[in-house]
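Peer 1: Give me coordinates for this.
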Amino acid sequence: MPKPKNPSPDEMKKHACDAIIERAAEMMVAGAGASIPMMIDRMLTYAAAQAATLEGSAVTAEHFRRFAENIEGGLFWSITGEDRPGGGKPN
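Peer 2: Predicted coordinates:
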């Protein structure tokens with residue numbers, strides 16, 4: 001029988017943040033009537049503005065470039081199915 005995992009305090013905080021972000025997305029779409037693309041735009045804009053305020057624009061842009069490379073490299077393929085024949089949306 002596998003030993004139960006005891007999440008670290010940081011893992012617990014990350015899980016709580018993920019739940020809050022998911023709820024905010026639901027509120028924007030279902031509650032405020034925003035389209036999914038608008039919700040994504042607002043989330044990304046908020047995150048970018050916060051990062052630029054803390055780290056500066058150049059560092060934030062570099063982080064976004066790295067994120068883009070990771071996405072193009074397959075970060076979400078397990079979700080999108082782009083790594084499977086006929087899977088995912090064409091680019």
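
Peer 1: gap between the longest helix belonging to the chain and the chain center?
Peer 2: If each helix of the chain is counted by residues according to DSSP state H, the longest one is helix 36-55. Put simply, helix 36-55 sits 11 Å off its chain's centre (CA atoms, centre = their mean, to the nearest Å).

Peer 1: ditto for stretch 22-35
Peer 2: That offset, for stretch 22-35, works out to 15 Å (CA atoms, centre = their mean).

Peer 1: I'd like to know which elements the longest helix of the chain is packed against.
Peer 2: Packed against helix 36-55 by the contact rule (3 or more CB pairs under 8 Å, 6 or more residues apart in numbering; DSSP states H and E) you find helix 9-26, helix 57-72. All C-beta spots, glycine's among them, are computed from the backbone N, C-alpha and C.

Peer 1: rerun at 7 Å
Peer 2: helix 57-72 (3 or more CB pairs under 7 Å, 6 or more residues apart in numbering; DSSP states H and E).

Peer 1: how much does the helix it packs on deviate in direction from helix 36-55?
Peer 2: Angle between the axes of helix 57-72 and helix 36-55 is 140 degrees (criterion: axes from the mean of the first three to the mean of the last three CA atoms, to 10 degrees).

Peer 1: Give the other helices and strands that helix 57-72 contacts.
Peer 2: Against helix 57-72 (3+ CB pairs under 7 Å, 6+ apart) you get helix 36-55.

Peer 1: I'd like the mean pLDDT over the helix it packs on, please.
Peer 2: Regarding helix 36-55, the rounded mean pLDDT is 98.
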